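Undergrad: No sequence on hand, only this structure:
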């Protein structure tokens, strides 16, 4: 009799565990796919018309004069991260962004000769306050390392300058400082001249260990890859 009762208790406990697990997984799925919805799309140039253009030698010289000089980061610029994570067995994409971006770019002739950008790390926000607390705390330690920076270390040749509304793809090399650690990065970017300025977008793969950043995985409930993307959309205006 006692043995039967013990088995019943055991099956009851196992059933409770299964129900709890089902509730956790089902609730997480409901939150991610229904309540929260899809992650924000990657940053991009929204109004690009085309990717090629032809420019005569005369107009190229004129265009060089119109873009030469110093450009400042303008309103509407965004910088953030994109990390794939598994939350209670459900695939999710964590995205955090900030518009608190400062910096400048210098163009001489048909080359970008200098560019430096800075971000206050504690202004980067996602859609989850708990994720932001982990980001500012054990992951990025923003109280100790408050600023992230990216500076070009080599000029970027623009070649023949494109017309307004035309997107060009370039390669850039720079020094990226995160979590108090600076590493050289090479990355692709897209640039577009607009009627009011210049817009540049791209992403940089950040392997957490290279910048001594702790893996964002948390308490067995959230697991992430060992890397993420730093995304940026920088809008420039004349100084």
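TA: Now that the structure is in, tell me what you want to look at. All figures in this text were calculated on a predicted structure; none of them were measured in a lab.
Undergrad: Where does pLDDT dip in this structure?
TA: For the chain, the stretches flagged by pLDDT under 70 are 1-37, 47-65, 88, 219-221.
Undergrad: Domain-wise, how is it divided?
TA: Domain assignment for the chain, taken from automatic domain parsing, gives 1-37, 41-238.
Undergrad: Then residue 210 would be within a strand, right?
TA: No - judged by DSSP: H, G, I helix; E, B strand; the rest coil, residue 210 forms no part of a strand; its state is helix.
Undergrad: Who are the contact partners of it?
TA: Shown in contact with residue 210 (C-beta atoms under 8 Å, 6 or more residues apart in numbering): 181, 183. Glycine gets a C-beta too; all of them are placed from N, C-alpha and C.
Undergrad: rerun that using 7 Å as the cut-off
TA: Contact analysis of residue 210 by C-beta atoms under 7 Å, 6 or more residues apart in numbering lists residue 183.
Undergrad: For residue 161, see how far away it is.
TA: Relative to residue 161, residue 210 is positioned 35 Å away (C-beta to C-beta, to the nearest Å).
Undergrad: what's stretch 123-142 in contact with?
TA: With contacts defined as C-beta under 7 Å, 6+ apart, stretch 123-142 is touched by 36, 80, 94-98, 100, 121-122, 179, 213-214, 216, 218.
Undergrad: Which two among these are spaced furthest apart?
TA: Within the contacts of stretch 123-142, two members stand farthest from each other by C-beta to C-beta: 36 and 179, at 27.4 Å.
Undergrad: Which residue of the two possesses the greater neighbour count?
TA: Between residue 36 and residue 179, residue 179 has the larger neighbour count (other C-beta atoms under 10 Å), namely 20 against 12.
Undergrad: Contacts only, for the more buried one.
TA: Applying C-beta under 7 Å, 6+ apart, the residues contacting residue 179 are 140, 141, 145, 211, 212, 213.
Undergrad: now residue 102
TA: Counting by C-beta under 7 Å, 6+ apart, residue 102 touches 73, 118.
Undergrad: Also residue 228?
TA: Taking C-beta under 7 Å, 6+ apart, one finds 81, 82, 83, 206 in contact with residue 228.
Undergrad: Out of those, which sit inside helices?
TA: When DSSP state H defines the helices, the subset of the contacts of residue 228 inside them is empty.
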